[in-house]
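Student: Here you go, sequence then predicted model.
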Amino acid sequence: MATSESAQGRKIERLVKGRATSDGAGVKLTRVLTHDLQHRLDPFLMLDSFRNENPDDYMGGFPDHPHRGFETVTYMLAGRMRHHDSAGNTGLLGPGGVQWMTAGSGLIHSELPEQEEGLMEGFQLWLNLPSHRKMSAPSYRDIPSEAIPEIVLADGAKVRVIAGSSHGTQGAVVRPDTEPLYLDVHLPAGGKFEQPIPASHNAFVYVYRGEVRVAGSVVAERTMAILSNESDSVAIAAEAPARFILVAGKPLREPIAQHGPFVMNTMEQIEQTFRDYRDGFFEANAVRKD
C-alpha cells in the first residue's frame, strides 16, 4: 500500500482463525468470535461463518430456539433461509439479504433452509443490547439485497453498507447505543479501502475471499483480524481480488452474563430468564415488525 506508516491507521492486534463446530440441528459452521473475545470486542458477542455445499451440512437448520437480551444479524451471501417466530411472523432471507432481529425481552424463532441443494453461505453476528434495552419489545426486520445501499469508490472498492455509514452513504440499519458499522467490501486486484472508525470503537475484519493487507500485515482467507484502537481509521488493500466484512461498534462496558441463547448483565437475570422461558412468557411475547 502506498500510504506512509503514519497514515496506515489501525494495525492488527491479533489474528483469529475460529473453530469448527456445529449448531442447531447439526449445521456445520466456524465460530470466529468466541466467548473469550466478548469483552475485547464489546459490543459484539459472537460471529459465526458458514459455507457449506453439502446439504447434509445445513439441511437441519436451526429449529425453534429462544433468545433474550441481544440482537442477531444474519447476512446471507448464498442460499435461502426461512424465519418463523413465536408471534407467527415469517420472512425469507435470500442471497445478499440481511435479517436484523432484536430479541429484547424474549422470543422463540426458527431458521430453516428453503433449499435442498447448492451453496449455503453467510454470517450470523450477535450484537449486545445495553442494560436499559434488554427487556425492550422484540422486533425483526428483513432487508432484501436490493435495499442494502452499495457504493463503488474511485479505487475500485465496492461497498455494501449494511449498518452505519461509509463515504457519505447511510446504511440500511442505524442502531442507538452500540452505533454498529457493518460493511461488506469487495476489492479488485490492486484495490484499497479506507474507513474512519472512532478510536473508542472496537473493530474487526473477517476475510471470506482471498487475502488483504492491513498496515502491511496479511490477513488470509477465513481469518479475523482484531484491529487495534490506536487510530480513528483503517486502511485495507488487496493485491488480488478479495472480499471481507468490516465490523465496528461502540462498547457498552457493562457486565456480560451469558447462558447459551440468553445474554443479560447478572446471573440472577439469567435465572429469571429461565423461569420466564419455562413459564411460557416467550410464546406469549408479541414480536413487532420494524
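Tutor: Received the coordinates, thanks.

Student: before we move on, which element is the most centrally placed residue in the chain in?
Tutor: The centre of the chain sits closest to Leu125, judged by Cα atoms, centre = their mean, with a distance of 2.7 Å. Using DSSP states H and E, the element containing Leu125 is strand 120-128.

Student: what helices or strands is that strand leaning on?
Tutor: Judged by 3 or more Cβ pairs under 8 Å, 6 or more residues apart in numbering; DSSP states H and E, strand 120-128 is in contact with strand 44-52, strand 70-78, strand 242-249. Backbone N, C-alpha and C define where each C-beta goes, glycine included.

Student: Quick one: work out the angle between that strand and strand 242-249.
Tutor: Angle, strand 120-128 to strand 242-249, by axes from the mean of the first three to the mean of the last three Cα atoms, to 10 degrees: 20 degrees.

Student: so what strands line up beside strand 120-128?
Tutor: Strand pairing for strand 120-128, using DSSP bridges, gives strand 44-52 (antiparallel), strand 70-78 (antiparallel).

Student: Does anything pack onto the host helix or strand of Phe274? Which helices or strands?
Tutor: Applying DSSP H and E as the criterion places Phe274 in helix 267-278. Packing contacts for helix 267-278, counted by 3+ Cβ pairs under 8 Å, 6+ apart, involve strand 257-259, strand 262-264.

Student: Those into TSV, with extra columns for mean neighbour count?
Tutor: Below are the helices and strands packed on helix 267-278 laid out as TSV (neighbours: other Cβ atoms under 10 Å):
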stretch	mean neighbour count
strand 257-259	16
strand 262-264	24
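
Student: Indicate which one of these is closest to Asp276.
Tutor: strand 262-264 (9.7 Å; Cβ to Cβ).

Student: And the closest one, how far out from the chain middle?
Tutor: Distance, stretch centre to chain centre, for strand 262-264: 17 Å (Cα atoms, centre = their mean, to the nearest Å).

Student: That strand - contacts with which helices or strands?
Tutor: strand 257-259, helix 267-278.

Student: Relative to Gly104, which of these is closest?
Tutor: That would be helix 267-278 among these, by Cβ to Cβ, at 11.9 Å.

Student: Convert the closest one to CSV, retaining C-alpha atoms only.
Tutor: This file holds the C-alpha atoms of helix 267-278, laid out as CSV (Å, rounded to 0.1, in the frame of the first residue of the first chain):
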residue,chain,number,x,y,z
MET,A,267,-26.7,-14.4,36.8
GLU,A,268,-29.8,-13.5,38.7
GLN,A,269,-31.3,-12.1,35.5
ILE,A,270,-30.3,-15.3,33.7
GLU,A,271,-32.1,-17.4,36.3
GLN,A,272,-35.2,-15.2,35.9
THR,A,273,-34.9,-15.7,32.1
PHE,A,274,-35.0,-19.5,32.6
ARG,A,275,-38.1,-19.2,34.8
ASP,A,276,-39.8,-16.9,32.2
TYR,A,277,-39.0,-19.4,29.4
ARG,A,278,-40.3,-22.3,31.5
